[in-house]
Each structure stands twice: as C-alpha cells, then as structure tokens.
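Novice: Predicted model and sequence follow; I will ask about them next.
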Amino acid sequence: MYGWCEKIARINLSDQTWSVETVDPEILKKFIGGRGLAGYYLRKRITHHWDDPDMPLLIFTGPLVNTRSPTSGRMTIMSRSPLTGTVGDSSVGGSFGTELKKAGLDGIIITGKSHTLAGIEILNGSIRITDARHLAGRQTGYVHSLLKGKGSRAVIGPAAENGVVFSSIIVDRHFAAGRCGIGRVPASKNIKYITVKGTCKTKIFNALDLKGAREDIFRLAAASPVLLGEFGISRFGTGALYDLMDARRMMPTDNFRKTKFSRASLMNAHAFKKKYAPKKSGCRGCHILCKKITKNRTPMPEFETMSHFSALLENSDIQSVVRANRICNEMGMDTISAAATLACFSEISQKRLAPDEIVSLLVDIGKKRGVGRDLGRGAAAYAKRSGHSDLAMAVKGQELPAYDPRGAYGMALAYATSTRGGCHLRAYPISHEILRKPVATDRFSFKGKARVIKIGEDLNAVADSLTACKFIFFAASLEEYAKIYTAVTGIKTSAQDLFKTGERICYNERMMNAANGFTEKDDDLPDRFFNSPGYKNGNIDIDPIDREAFLKARSDYYAVRKLDKKGMPVPDTARTLGLDVL
Amino acid sequence: MDQIFRTYEDKFLKNGLADLGAPLLGLLDARLSWNRNDIACAELERLFEHLNINSLVFSQPAEPYRSIVDYLAETSGGIIFPSDCETRTFLHDLPVSFDFSLESIILALKERKSVIIPGQGIITYGTVSLEQAYVTFSSVCFACFVKFFSDYLYDIKHGKINNRRQNLFDLLVKRLEPAPCFKGSLMEGPFDSEISVYQAIQEAGMLTVEHRLVDSYFGNISFCYNDTLYISQTGSSLDNLQGFIDPCPLDGSSCTAITASSELPAHLKIVKNTGNKAILHGHPRFSVILSMDCDIEKCECKGQCHMKCPYERFVGDIPIVSGEVGSGPYGLCNTVPEAIKGRPGVIVYGHGLFTTGQRDFNQPFENLIKIENHCREEYFNRVRSFGRAGHQP
Ligand SMILES: [Zn+2]
Ligand SMILES: [Zn+2]
C-alpha cells in the first residue's frame, strides 16, 4: 500500500514484550488512521476501567503523515479518558507522528503495566523498554533535554505521576496532548516517556498529483485571513483570536459569570508580541507555523490558555500568564482544565486570585500539595465535594474552553454533543459562526445547526485521522484533501466518501460512550448558560440560551446523527456504517 | 425557513442570476424543506441522502448566463476549465452532467461544489448554509461569462470561430446589459466621524453591486480614518455591509480585523504607500476578460500569468499585474500597491480592478466605471480588428 506502513506495534509492559503486526488494508480504508484507527482498536476494550492494565494507550498517525501533504505532521493519542470516562483523545503536533512513520509504524498500542517506572524507545523497527526510575517526578523540560538525540519525545510530568486528573502528555517540549487527562494513562502504566526515531520514507502513489493538490491548498491558505493574513495565526499565533472574542463579547470571564473582560485590550496577542517578540515555529510539515516561541525557548500561550489565564481569572498580568503556561507544560497539565479549575475554586471560595497565587496554586496542583490536592481532581469533582456542583463549567466532566456558548449557539450544541466532553474542536463551529468560513452563519440561532454540527464533527474526525491540522480547514475543504488522499494512497476517493468515513468514526465513538453508560443527560451544558446573561449593553447582548431551543436542536442532532430519540446508537445505523454491533 | 427562502429568491432575481420562480432551494436540518414544489424535488431529495450537505440550489441561470453555460457545457467534454482567479482558487473546475441522472449528479458533487446540466440548470450545495450554495452558483455564472468572452477573443485571433459560436456571440452582444453609467455623486469627504465613514463605505458598496461591477459576494472596500482602516469583512456582500465592516488600527494593536477581507494586506500597503484613503476593489467583467488577453505568445510563464507574468502590460494607462488572492508569495499584495502609485487604478490578471481616492469614494467609483467601460470598448475593438464584426450595442 501507499501512504500507510501497514504496520502497528503492540507493546506489553507487564511482560516486557513487543511485536509488530500487519494491519488489514480494509481496516485502514475504513478508519484511515489517527483518531479513526485508534478508535477502532480502543472499542474492543472501552468498558475496562481506564487504569486497568488491559486498557490500551494508543498512538496513531495517518497516511498523509511523513509526506509532503500540507499540515500533516500530527497524530492522535487515545485511551479511555481518566477525566471524563468517555473516549479520550488528543490530536498533537510536533514531529512524533512523522518519526513514527519514519520508524515504519502507523501506530502503537501499549498495554500492561511496568513494575517500575520505564521508558519506551523506538528506533526504526525495534523497540526497547528502558529503566526510567531516575526520572521519577521530573518536569517535562528536563526529561526532554535528557532524551535529546533519541528523536521525537512524548513525556509526562509530575502531575500525571501525582494523579492530577487533567494531566497531559508533552511532545517535543512544546506540543501538548492536553485534553481528557490523557497523561494519566501512561502514568498508570508506569511509563514516563516514549521516544521514536526512524529513517524510512513513506511511499506515495503519485507525486505529481500530490504537488498539484498541494498548490490548491496553499492557494486557499494564502487567501485565508485567519491563517496567513495580516492578523492571522501565522503571524500572531492562535492568540490572534483573542481580540475577536472580545469584540464579539463572548470571552469567558470570571468563571463564565461574564463574557466581557474589561482589560482584554492589554492582554491581546499584540501585547504578547510586543513584550516577548516571539518567533514562528510549528509542527513538522506545516507552512502556517502558528506556534510562537521566544529566543530563550519560552513558548507563548495558545489562545485558550491566554484567555483562560487572563479573562477567566480576571488576571491582567501578562507575565503570570506566560509563567502559568510554562508551569502547566513543565508539570504536564492541560492549561484549559487547570485554569478553569482555578476559576471554579475562585468562585466557590469567593476570592480573586492574585497573579502569584495563580502560579503557586498550579505548582501545588502538580505537586499534590495543600489545596492543590483537591484542585487536582478537576473542576467538576472539586465543585461537587464543595457542595457547588453547579459552579463547575464543564461538560461530561471536561472543563470548557474559551468560547462562551451564549455567544455562539452552534458551539453550545457542539459542546454538548462532543464525544470527549467540553471540547471546541470536535465540530469547531467557530469557523463559520465567528470566522465566517466557509461562509458566515447566524451565531445567535440554532436554526439549521443540528446538521451543521454533525457535518463539522464528521469533517474534523477525518482531519484527525488523515492526519491534517484542523486549522487548514478554515481555508481548504475535504474536496482538496480528497485529492491529496488519492495522490498519496492511490485509493480513489471524494470529499463525500471521506465524510462517510468521518461519520463512521464519530458513530464508533458515540457507541463507546454509550457502552459506558453515557446518555442524553450527559449531552448538556451547565445551568448557568441557560439562566444568566453574559453581557448587556444594548448593542450586543449576550443573553442566556433558550433551554427549549437548545433541547430542540439537540434532539434534531440525534435525528441527523441517526441515533434514537434519547441519543443512543441504533444497531441498524451502526451496521449501515460498517461498524460491528457488539 | 420561509424567510430565508424569500431572501435568496430575491437575491437571485436582483443580481440577475435567475428568473422569477426559477430557483429551487432546499434546506435540511432534522427535516428537509423546499421553497416550492417541483417535480425535481423527489429526485433531489435523494442527494441529501448521499451527500453530507445541508442546502441545495437547482436553477436555470438567467440570460445571458443560460446560453453561455449551456454552450460551454455542451462543448466541454465533461468538465469546463475556466481560468479566472475565483475559479482557480475556490472552484477549481466545473463538472458537467449530460443528463439529469442522480448517479452522474452525485458523482460530480462528491468531488466538486457544483454541477451543470445543460439545458436544465446548475446544481450547487452548502455544508453550513444556503449562502454557500448561492455564492457557488453566482461564481459559476461569472466564471462562464468571463470564459466565453475571453475564449472568443483568443480564438478569433487564431481564426477558430465556427458559425454556432459566432451566432451565439452576436446574440449575446445584442443582449448585453448597457455599459454602467453613473451621473450622481457619493458622500463627500473629508469625513468628520466614524459614523460617516461607515455610511460612505456602505453607500459605495451598494452602488458597486447595483452597477454590476462585482458579483454580490466578492470584492472589497476600505476607508482610512484616524489611523484606522475600516474594511469590509471576508465573505461579506458589498450591498449589505451594515455590521460587516472591521476597524483595523494601522499600528497593529488589535487583531480584530482577522475577519477582514482577504485583501486586507493589499489595502494596508496601498494606504501606506500612496496616502490614498479610499480603496475600492470590484470584479467588473470586461476588465477581467481583457486582462487575460495576453498577446505575448512566447511568454515563458504561459499558464502562470496569474501568478508571475514577467511582462509589463497596460490597457490605456491602467497597468495589468499578476497576483493571487491574499498574502502568499504570489499574492496581489506584492504587486498592486506598487503598480497603483500615480495611476487611477490597477487590474489584476483574471481577477478584478482596484481603484483609489484621496478624500472619498467619488473618484474610485468613477474610475471603476470608467476603466470598465474603457476595457469593454477595447475588447470590442480588438474583436473587430480581427476581421469578423462584433457589434457593440
Ligand atoms: Zn477580488
Ligand atoms: Zn504572460
């Protein structure tokens, strides 16, 4: 086959064995790679507890990785989420995915549990399990430095070892597989790090067609204000969105009690750029380069991090935002969940957190000290223990990112239906509701959104499986990526064929969640969004969401997604999509 | 739903894209609704089952598009390849289905945003809204119009016009809309408030569309006031800019203009390079058509003139430059701001026309019309000079 290696490695930590097996081409065609393929393998074990040694940790790339396809240097890390209990995955950049392909693998499946803290080192076709006891409790930056020369690195920090529920995995020092608490899974298996290095080339079917399709995508990217424009993410990083969220009055502020942060203009991407003069960086194989890193290797916070460590905590100290970001990376914690948990703590304890307090609390969480011990359970669990469940701004236990759902109703619906809980990336309606791509939709209306959200979810499932960066879809569409896919793999396809695959991948995830008892009750938003306004000035009003309209849109979504009235998967649909009915 | 349907029925009619009652519009959320009953509904409903889309348009285009689209489709061999910039960037090419069969329609729409069925109409779709389907429909019509007239000019030079094409050309020329003409005046600068700036931009946008100097979707417009550039948003209709203008501080202190037009970098550079305050960018047809008439037979960049034509070309005193949409290495932001210095306007190869003014939109709007009319005359001059008469009405 072209594109794929057709090989995955299985590593069993309990008996320290590994093997490489060939993957059935039909499975590859059906699930592509990345998130889709990982989901295929996860489903068989999804009802196990997340820290059961039999629960796999899956790291998968896609057919486009390690080719000249635009924005293809990504991969998915997946398991059952320790934070939410749903399917748990993160798409992450850096060069791990590319190196994995160079090592001749489409993915690795790690099961079992090591007796002592260990590392996994992959070099081309061979795998070594190493002693990593000396790295216990070490921060991610230190481990990254130590492993230099071993290729690309995925590392957990002290937070994961200490059981913080929103632990991340840090790839190549600056790229976080942040969400779902995925970092706790390697910790439970006693794995501190994984490195991979390889020298294989990925075979492609037709280089000339690939070149043509690439040019089409580059042309669209150049025409995209959000990507390569004067104020786009290539120049300013994802923080470029900050001013827009402020202008649209939908920046979650003070634990989502408000949607306008009065000091936003002092905390925008321009302010960071002026203070730190960062340089462009990014994932392997990307020409957009939205990552911003200073000369002394301090990463600038991503948009979500910027927004949540400023507005959500009503903090206007830039330096503390950069420090908070660095601590989260060093400790190996998700910035969105960490900030949102602090905001929840701030509201419950009725005290405003000073910049220094924010920083020191983050360290306490990572080190499991003092109140940090409680906060490390995440906003939902913390709020529940404090008797204020309603003050955790989370969906399915996952803290919400930096788009207030009252300011974009598609986003509201997408938060509720996301298979991994409070996540903006599953459907990413911000693209049309705010960024006007492919065309603008009415952000204060649920009309038509059920189908739009379903289509968005299918699209991003494909992006996460190819793999390609979601940002490129602000400009390109599956129409162009279908050409890329065919040029790389030689398999004839179309935008609509890929959409079908996306639908299969999403349904598979929905089935996994259903198997773990998730129902329509879980597809919901915190009460606050239905009861309180976010902002009012007569010009732009951010009103509470009409509950009836939301429920109507949700049941429309179930119909569109071909679930039953309660949002549960239907065996017939599953079969039509080519999924096994267990 | 009805309100949305009426809005788009009006837009089709007002912009001359379809006749009254012609467009069939479908929208699907949990349920599918149509703007009217039609025998095609039953068949088209099945498209929604096969395609991950939420909206659909099926319509005969209005004349002159209908004859042009049908002619190009029938003589295409299955795919029409227009070479204007919008098609190149967004549509790539235009597939044709020679009969109204579900199978072949699906085959085309699985890969592309539109399909032409000669004699029956054009089908387009959207994945987030009817607007997408509308925009694609409009782009297909525009692309075909430009292609027909630009191919004609090229082929008449090479003596390759048959009777059928000549007859159609003659008919179309007779039916051409009269050349745009404007006797009134626009709001006069200098403006003394942000509000008047917004009004002036809206007025100029509206007139640009009314005079058919742009298809309603594309084109952009800006005005610089108090060190802020006020510019139309990406994907906004120039005839409806209220609420769709982004303020962009020249010192770059805010990224709010991340939703501004793709051509923001060009607008900013023009303002900085020339000191002009008002910028208008439309896609008047004959400017676009004429820009693609390159006489340099041995151009080493043939086929890439939209990106990097090495020759200086002019229509009268108006330079024609290469450049693609937006900010890439071949972006028009690298060519237009230089070329427009001391000129009434600049035409971008296969794309459109930029004009500028010092105080308000009077001069740029006047120049937009003047240059377009000059290009129109020049087009027919060139046609005439190659022997067979093209009769301008
Ligand atoms: Zn243009
Ligand atoms: Zn040339």
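Specialist: Received, thanks. Ligands and ions are numbered 1, 2, ... in the order given.

Novice: what helix or strand does residue 164 sit in?
Specialist: No chain specified, so I'll use chain A. Taking DSSP states H and E as the criterion, A:Val164 maps to no regular element, lying outside all helices and strands.

Novice: Sorry, I should have been clearer: chain B.
Specialist: Here B:Arg164 is assigned to helix B:163-175, by DSSP H and E.

Novice: Off-centre distance for the next helix or strand after that helix?
Specialist: Helices and strands here follow DSSP H and E; after helix B:163-175, the next one along the chain is helix B:194-210. On the basis of C-alpha atoms, centre = their mean, to the nearest Å, helix B:194-210 sits 19 Å off its chain's mean C-alpha point.

Novice: how big is the angle separating the following helix or strand past helix B:194-210 from helix B:194-210?
Specialist: Sequence-wise, the next helix or strand downstream of helix B:194-210 (DSSP H and E) is strand B:220-225. Orientation of strand B:220-225 against helix B:194-210 (axes from the mean of the first three to the mean of the last three C-alpha atoms, to 10 degrees) gives an angle of 160 degrees.

Novice: Help me see whether strand B:220-225 makes contact with chain A, please.
Specialist: No. Strand B:220-225 lies out of reach of chain A by C-beta under 8 Å from any C-beta of the partner chain, never closer than 10.8 Å. Every C-beta, even on glycine, is put in place using the N, C-alpha and C of the backbone.

Novice: got a pLDDT number for the closest residue to chain B within the stretch 201-350 of chain A?
Specialist: Relative to chain B, the nearest point of the stretch 201-350 of chain A is A:Ala222 (2.9 Å; C-beta to the nearest C-beta). Reading off the per-residue confidence, A:Ala222 sits at a pLDDT of 93.

Novice: Could you find the closest non-adjacent residue to it?
Specialist: In this structure, A:Ala222 finds its nearest non-sequential neighbour in B:Gly328, 2.9 Å apart by C-beta to C-beta, 6 or more residues apart in numbering or on different chains.

Novice: part of a helix, is B:Asn367?
Specialist: Yes. The secondary structure assignment for B:Asn367 places it in a helix, going by DSSP: H, G, I helix; E, B strand; the rest coil.

Novice: For the residue of the stretch 201-350 of chain A closest to chain B, give me its contacts.
Specialist: When the contact criterion is C-beta atoms under 8 Å, 6 or more residues apart in numbering or on different chains, the partners of A:Ala222 are A:228, B:324-331.

Novice: is it true that A:Asn329 touches A:Thr298?
Specialist: No. If you go by C-beta atoms under 8 Å, A:Asn329 and A:Thr298 don't touch, sitting 10.0 Å apart.

Novice: Between those two, tell me which one has more neighbours.
Specialist: Here A:Asn329 and A:Thr298 are compared on neighbour count by other C-beta atoms under 10 Å in any protein chain shown; more neighbours surround A:Asn329, at 25 against 15.

Novice: so what's that one up against?
Specialist: Contact partners of A:Asn329, counting by C-beta under 8 Å, 6+ apart, are A:140-141, A:157, A:170, A:173-174, A:176, A:299.

Novice: And the residue nearest the centre of the chain?
Specialist: In the absence of a named chain, chain A is used. The central residue of chain A, meaning the one whose C-alpha is nearest the mean C-alpha position (C-alpha atoms, centre = their mean), is A:Ser90 at 4.0 Å.

Novice: you looked at the wrong chain, it should be chain B
Specialist: For chain B, the residue sitting closest to the mean C-alpha position, by C-alpha atoms, centre = their mean, is B:Asp215 at 4.5 Å.

Novice: quick one: that residue and B:His267, what's the gap?
Specialist: Distance check for B:Asp215 against B:His267: by C-beta to C-beta, to the nearest Å, it reads 20 Å.

Novice: Return the per-residue confidence for the nearest residue to A:Asp524 once chain neighbours are set aside.
Specialist: Counting by C-beta to C-beta, 6+ apart, A:Ala416 is the residue found nearest to A:Asp524 once chain neighbours are left out, at 5.7 Å. For A:Ala416, the pLDDT comes out at 98.
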